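Engineer: Provide a 3D model corresponding to the input given below.
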Amino acid sequence: SDGSYVYFAEVGGDIPDLGILFSDLEYARTRNLHKVRTSDGDGVEMWNFNGSLLTPALSSDGSYAYVFGVDSEEHKKLYKVRTSDGVEMWSFTLTGYVFSSTLSTDGSYIYFGTTWDEKWSEEGGYAQLYKLRTSDGVEMWSIPLKFDAFFSTPVLSSNGSYVYFLSPTHLYKMRTSDGVNMWYFNNVEKFPQGNFVNNPILSSDGSFVYFMSDIGKLYQVRTSDGVEMWSLKTWRPDIGVKVRVISSPALSSDGSYV
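Structural biologist: Purely as a prediction, here's the structure:
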């Protein structure tokens, strides 16, 4: 939290596409979470934690890191790691991969979605939405969703009562207390399947959620009921083609512009 250290998990190497993450568990097992000292201009590695990849989440005080990885027996897991020494505090076994996660304001819970368990099979499989207790890794709830997958970071309402998950085809609003789905926004034409999905953002008062599809549309959806307020096509009028978008939107400080 004071900027003295940086944490990162590996994805590097010669990766032709994200498919390797779902087909080569040996590759995933040999990735690591690193802690590197930023002070004194030395970039010294303090420790590394084997079997970790993709985006870690840090507790607000910097004492713990949460990261997805694969163990020596090729089990997919979410780990809680103590940042002072890189020691594993607990692990939670999963069937899919976790690309990103978010912590509650007080750090008591972690929310994340997975890819589905048979990502590349014709039959498909079930993705899961999770809420875990961070003190001991106990599952508070999980929601199975067939033929879906989650790559973006979930976003919490300011009071922590709701969490929004964005997949390539759906935006879900879930009640954090029990995992009940309040509504979902779905339009396959607007959300074509793709490997990359940007992160949704909430207005300051929580009334609206903004996100972009990878065919170049920006959306404003009302959070009370999931109704689309407007959408805007982004395209190149000079060449008459749509623009592929993988970045996340950002709001001006007063919320007037996105």
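Engineer: Mean confidence (pLDDT) on the helix or strand that contains residue 57, please.
Structural biologist: For residue 57, the element it lies in under DSSP states H and E is strand 52-58. Here strand 52-58 scores 73 as its mean pLDDT.
Engineer: so what does the helix or strand just after it touch, helix or strand wise?
Structural biologist: As assigned by DSSP H and E, the chain's next helix or strand after strand 52-58 is strand 64-70. Judged by 3 or more C-beta pairs under 8 Å, 6 or more residues apart in numbering; DSSP states H and E, the packing partners of strand 64-70 are strand 5-9, helix 25-29, strand 32-37, strand 45-50, strand 52-58, strand 76-82. Every residue, glycine included, has its C-beta placed from N, CA and C.
Engineer: So in that sheet, which strands flank the last one, and in what orientation?
Structural biologist: Counting by DSSP bridges, the strands paired with strand 76-82 are strand 64-70 (antiparallel), strand 87-94 (antiparallel).
Engineer: Which positions within it qualify as buried?
Structural biologist: 76-81 (16 or more other C-beta atoms under 10 Å).
Engineer: Show me what it is in contact with.
Structural biologist: 25, 28, 33, 49, 51-52, 63-71, 87-98, 101, 110, 112, 132, 134, 137 (C-beta atoms under 8 Å, 6 or more residues apart in numbering).
Engineer: Separate out the buried members of those residues.
Structural biologist: 28, 33, 49, 51-52, 64-71, 89-92, 94-98, 101, 110, 112, 132, 134, 137.
Engineer: show me where this protein has helices.
Structural biologist: 19-23, 25-29 (DSSP state H).
Engineer: Of the strands paired with strand 76-82, give the one that comes closest to residue 255.
Structural biologist: strand 64-70 (30.0 Å; C-beta to C-beta).
Engineer: how far out from the middle of the chain is the closest one?
Structural biologist: 13 Å (C-alpha atoms, centre = their mean, to the nearest Å).
Engineer: okay, it in PDB with CA atoms only?
Structural biologist: C-alpha atoms of strand 64-70 as PDB (Å, rounded to 0.1, in the frame of the first residue of the first chain):
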ATOM      1  CA  TYR A  64      -2.300 -10.700   1.700                       C
ATOM      2  CA  ALA A  65      -2.400 -11.500  -2.000                       C
ATOM      3  CA  TYR A  66      -5.100 -13.600  -3.700                       C
ATOM      4  CA  VAL A  67      -4.100 -15.300  -6.900                       C
ATOM      5  CA  PHE A  68      -5.200 -18.100  -9.200                       C
ATOM      6  CA  GLY A  69      -2.900 -21.000  -9.900                       C
ATOM      7  CA  VAL A  70      -2.400 -24.700 -10.500                       C
END
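Engineer: any idea how far residue 146 is from residue 157?
Structural biologist: 26 Å (C-beta to C-beta, to the nearest Å).
Engineer: the more surrounded of those two?
Structural biologist: residue 157 (15 against 10; other C-beta atoms under 10 Å).
Engineer: Let me know whether the more buried one touches residue 208 as I believe.
Structural biologist: No - using C-beta atoms under 8 Å as the test, residue 157 is too far from residue 208 to be in contact (11.7 Å).
Engineer: what residues are shared contacts of these two?
Structural biologist: The contact lists of residue 157 and residue 208 share 202, 223, where a contact means C-beta under 8 Å, 6+ apart.
Engineer: Just give me the neighbour total for residue 126.
Structural biologist: Around residue 126 there are 16 residues (other C-beta under 10 Å).
Engineer: what do you get for residue 144?
Structural biologist: Using other C-beta under 10 Å: residue 144 sits among 14 other residues.
Engineer: now swap in residue 252 and tell me
Structural biologist: So residue 252, with other C-beta under 10 Å, has 8 neighbours.
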